[in-house]
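In: Sequence below, structure please.
(chains A and B)
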Protein chains: 2
Amino acid sequence: MPYFDAASAAPLHPVARQALLASLDEGWADPARLYREGRRARLLLDAAREAAAEAVGCRPDELVFTPSGTRAVHSGVSGALAGRRRVGRRLVVSAVEHSSVLHAGEAHAAAGGEVAEVPVGRTGAVDPAAFAAALDEGTALACLQTANHEVGTEQPVAEVAEACRAAGVPLLVDAAQSLGWGPAPEGWSLLAASAHKWGGPAGVGLLAVRKGVRFAPQGPSDERESGRAPGFENLPAIVAAAASLRAVRAEAETEGARLRALVDRIRARVPELVPDVEVVGDPVRRLPHLVTFSCLYVDGETLLTELDREGFSVSSGSSCTSSTLTPSHVLRAMGVLSEGNVRVSLPAGTEEAEVDRFLAVLPGVVASVRDRLGAVPAAAEPALAEELVVDAVGKRCPIPVIELAKVIGAVRVGGTVVVLADDEAARLDIPAWCEMRGQEYVGVAPAPRGAHAYTVRRTT
Amino acid sequence: MPYFDAASAAPLHPVARQALLASLDEGWADPARLYREGRRARLLLDAAREAAAEAVGCRPDELVFTPSGTRAVHSGVSGALAGRRRVGRRLVVSAVEHSSVLHAGEAHAAAGGEVAEVPVGRTGAVDPAAFAAALDEGTALACLQTANHEVGTEQPVAEVAEACRAAGVPLLVDAAQSLGWGPAPEGWSLLAASAHKWGGPAGVGLLAVRKGVRFAPQGPSDERESGRAPGFENLPAIVAAAASLRAVRAEAETEGARLRALVDRIRARVPELVPDVEVVGDPVRRLPHLVTFSCLYVDGETLLTELDREGFSVSSGSSCTSSTLTPSHVLRAMGVLSEGNVRVSLPAGTEEAEVDRFLAVLPGVVASVRDRLGAVPAAAEPALAEELVVDAVGKRCPIPVIELAKVIGAVRVGGTVVVLADDEAARLDIPAWCEMRGQEYVGVAPAPRGAHAYTVRRTT
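Out: Sure, this is the predicted structure:
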């Protein structure tokens, strides 16, 4: 049963399991105590810190363990912002950061701070010049991920780090998706990561803060983890996290190359096998194991359910699989199709045959979902209209796009279709459909009943 | 090798170990995902929450899992204070709360809030009437532990809860030390606890918030744990925590009675076996497994080291075993002797023979430490002085008290000894010595070189 959602959580690496078991017996005591059980726990903690620091590329005293990657980001952002409060209250982030960074930004804004989002291009990468331009004299902190968690695109971290250095702004790098594959590019001031993304256990994040970076931990603290992560250390899991990071790094080059080839195959074959598909993200500057594509006329939740039934566990950034009814902020920022979105992220050890079976199963699954939604565009009617209006108000993704596709053949070339829709995904998916089908997206205007009117001109 | 520091961290319960292992395989995926691995994780999480809620005595939707007991307290205090910001900014706590509560109070005070500490008597318990008197119209929250972590004394939670109810003030109960032994007394509004105190794994705390209690989580949040504990759930550990709580509860009555008898033996025998000892805490209204005593003329760190050499792991609230050079805030609040302090907290399964061996070893260990410090009081000199001054400036606990004891016999009855000391522990230990030895403590006054002059009158 292939699990293809390593970017959410990777199955526990055998080394992590082994280290966890060993340290359940050796590492349950309080490492702050002086008796033998405490000293043993302290030795384990120190060794784990050294191993993790070596993998991160920092000094052991620059690194603390947090209860999760999310908490590492939250503490890193709030501590760095507070440390530079006198400089200013501007936080600069890319528009496609992980939600933990965006949530930290929201908390900052709610407390009166300023948050500037640097947009991304269609591949999901920021432009280093645009990032540099967003840094001003009042900027306390900038945040950039090493690689995007939804589309796999690597960010130009080294160039942005150089711009930050020139502007005197510390850079927090979210390395959650990439740390198992290798160290982050140089130049960061703070770095956050999460063990369960590389096959370590849940319950462990890393926060590294370079010596000399102004940092004022926020909230109550205690004497643990240099005052940066209060609460009893989750020691067996910390030991397992450090041991598995070392282990996955030892395999990273070989395994990365192997998975990269499998992802290349998916990137190449999916558009050949499935009509009306957009593969998103940078094809080259990307994580080795992750690929995302979107399928027109498909409901993401049904697609995931059907793939799950076939034994494939994948995730989606479609609005219809989330509780918010809005598509993933990453796809929105990229301006790409969000309907029928599928993220495939291969865990280490994924077999070629599993990928082949996925490619064999996918076309039939997509076709059956499209059939069920009645998504086969009708043949053009003989009498062609000048303008048609489609009322899709109250209908959710992918219905508005399906309705549009059904009628476009019924207007003459040069004529228009107006789609009335109140689904958030339409704002993204109607322009994306136009681009994919070579039709002209004219624009959007407010319409009655809280809806919007999307105008599309038939050009082919 | 007996480990007698269960109040710091209990060794992993076999049921916790078993549940952890099982859920490493079943519970590593993201419980928010809809595919089979995610659904399996969600089932485990839901079942753990139900089991924990039943043990706590609340509804499952009132309980969230946090990364530690400390984080549960921090989130509980900040969320409850923010939820009642309009009422006022006063936080009322007992003077002997766990440091996590006091640190949360410090953060509140640093943000402009008010913190009132209710004092305790010599047994370490608050007076419910004094607690009630500290509640005023601007009180947003009150905090009280079920039982003290250093001396074992149970607090009058039910009476204080009733006073809080009458005053309309929510009560946060820190049940970290007692939850394994039974539910907290009724009447709490919020409850915090920590799994590694009952034999669960590190990395799991509980925060329960009763429906209807105003609660506004602080800091960035996400969709996990009802928005009250951000970050990927530490699921295998959560499952192990819930399973072990149920298991220790099933054994609590029998095991509690057995350990209570062993602690009674320690409480009775230590003063018989070791001269100049003060056993502290309430002898009856106390945790079953915990006892604390202090030995005059003994250096806590050396005592712990010597006991460790004999195979006994215990902890201490003496200043000379901490990095701060101040005695435990609990012993200070109680006004009891802090030097040579030993906390014995027996883990479940402690054998009678281990306790007997501890009682057999302790007198020799204390005597040897006293010998090494030259703590045997000198015989009274024939010519008795009216007043003697002892200069112990720059000397650390227990030296000032040892010096005092050495010369008290050299002043006539009615005469005085003035001890000059700059060690923080002297403020606690010199009056405690006077009480133990039946001498009169006259008072303290500032002295040169940042020291204090403690005056003692010989009465016997």
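
In: from the stretch 301-450 of chain A, which residue is nearest to chain B?
Out: Chain B sits closest to A:S313 of the stretch 301-450 of chain A, with a gap of 3.7 Å, by Cβ to the nearest Cβ. Bear in mind the C-beta positions are built from the backbone N, C-alpha and C, glycine included.

In: Could you tell me the model confidence score at that residue?
Out: What the model reports as pLDDT for A:S313 is 97.

In: same thing with A:P327?
Out: Per-residue pLDDT puts A:P327 at 87.

In: and it, what is it in contact with?
Out: A:P327 is in contact with A:G317, A:S318, A:S319, A:S338, A:N341, A:C397, A:E424, A:A425, A:L428, A:D429, counting by Cβ atoms under 8 Å, 6 or more residues apart in numbering or on different chains.

In: Against A:V118, how distant is the spatially closest residue to A:P170 that is not a sequence neighbour?
Out: Spatial nearest neighbour of A:P170, excluding adjacent residues (Cβ to Cβ, 6 or more residues apart in numbering or on different chains): A:S189 at 3.6 Å. Going from A:S189 to A:V118 by Cβ to Cβ, to the nearest Å gives 17 Å.

In: Then A:A447?
Out: 32 Å.

In: The two: who's more crowded?
Out: The residue with more neighbours, out of A:A447 and A:V118, is A:V118; 24 against 18, by other Cβ atoms under 10 Å in any protein chain shown.

In: partners of that one in the sheet?
Out: A:S94 (DSSP bridges).

In: Surely it and A:A129 touch.
Out: No: counting by Cβ atoms under 8 Å, A:V118 stays clear of A:A129, with 10.2 Å between them.

In: where does A:N148 fall, phi/psi-wise?
Out: Per-residue torsions, A:N148: phi -80, psi 140 (degrees, to the nearest 10).

In: and the gap between A:C58 and chain B?
Out: 22 Å (Cβ to the nearest Cβ, to the nearest Å).

In: was I right about that residue contacting A:L206?
Out: No: using Cβ under 8 Å, A:C58 is not in contact with A:L206; the gap is 9.5 Å.

In: can you tell me if whatever helix or strand A:L245 lives in touches chain B.
Out: Using DSSP states H and E, the element containing A:L245 is helix A:235-273. Yes: shown here: helix A:235-273 in contact with chain B (Cβ under 8 Å from any Cβ of the partner chain) through A:L235, A:P236, A:A237.

In: Report how many residues lie close to the last one.
Out: Residues near A:A237, counting by other Cβ under 10 Å, number 31.

In: next one: A:G335
Out: Neighbour tally, A:G335, other Cβ under 10 Å: 15.

In: Contacts only, for the nearest residue to A:R84 once chain neighbours are set aside.
Out: Distance criterion Cβ to Cβ, 6+ apart; nearest residue to A:R84, sequence neighbours excluded, is A:A140 at 4.0 Å. With contacts defined as Cβ under 8 Å, 6+ apart, A:A140 is in contact with A:A80, A:L81, A:R84, A:R85, A:V87, A:G88, A:R89, A:R90, A:L91, A:V169.

In: could you redo the last one with a cut-off of 6 Å?
Out: A:L81, A:R84, A:V87, A:G88 (Cβ atoms under 6 Å, 6 or more residues apart in numbering or on different chains).

In: Those in strands, which ones?
Out: If you go by DSSP state E, these have nothing in strands.

In: Could I get those residues in CSV, plus columns for pLDDT and neighbour count?
Out: Formatted as CSV, these follow (pLDDT from 0 to 100; neighbours: other Cβ atoms under 10 Å in any protein chain shown):
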residue, pLDDT, neighbour count
A:L81, 98, 28
A:R84, 97, 22
A:V87, 96, 17
A:G88, 97, 17
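
In: Filter the contacts of A:P327 down to the ones in helices?
Out: Residues of the contacts of A:P327 located in helices (DSSP state H): A:L428, A:D429.

In: Which one among the contacts of A:P327 sits at the bottom for pLDDT?
Out: A:S319 (75).

In: Now do that residue against A:D356, distance only.
Out: With Cβ to Cβ as the criterion, A:S319 and A:D356 are 31 Å apart.

In: Looking at the two, which one has more neighbours?
Out: Shown here are A:S319 and A:D356; by other Cβ under 10 Å, A:S319 has more neighbours (29 against 13).

In: Now for the more buried one: which residues touch it?
Out: Going by Cβ under 6 Å, 6+ apart, the list of residues near A:S319 reads A:L325, A:T326, A:P327, A:C397, A:E424, A:A425.

In: Kindly recompute the last result at 10 Å.
Out: Going by Cβ atoms under 10 Å, 6 or more residues apart in numbering or on different chains, A:S319 touches A:299-301, A:325-328, A:331-332, A:338-339, A:341, A:396-398, A:423-426, A:428-429.

In: can you check A:R90 too?
Out: By Cβ under 10 Å, 6+ apart, A:R90 lies in contact with A:81, A:84, A:108, A:113-116, A:134-142, A:169.

In: Now list the buried members of those residues.
Out: Buried subset of those (neighbour count, 16 or more other Cβ atoms under 10 Å in any protein chain shown): A:81, A:84, A:108, A:113-116, A:134-135, A:139-142, A:169.

In: Just the ones of those in helices?
Out: A:L81, A:H108, A:A134.

In: What about A:P347, how many residues nearby?
Out: Neighbours around A:P347, by other Cβ under 10 Å: 19.

In: Spatially, what comes nearest to it if we skip its sequence neighbours?
Out: A:A6 (4.0 Å).

In: From A:N148, how far out is the one you found?
Out: With Cβ to Cβ as the criterion, A:A6 and A:N148 are 14 Å apart.
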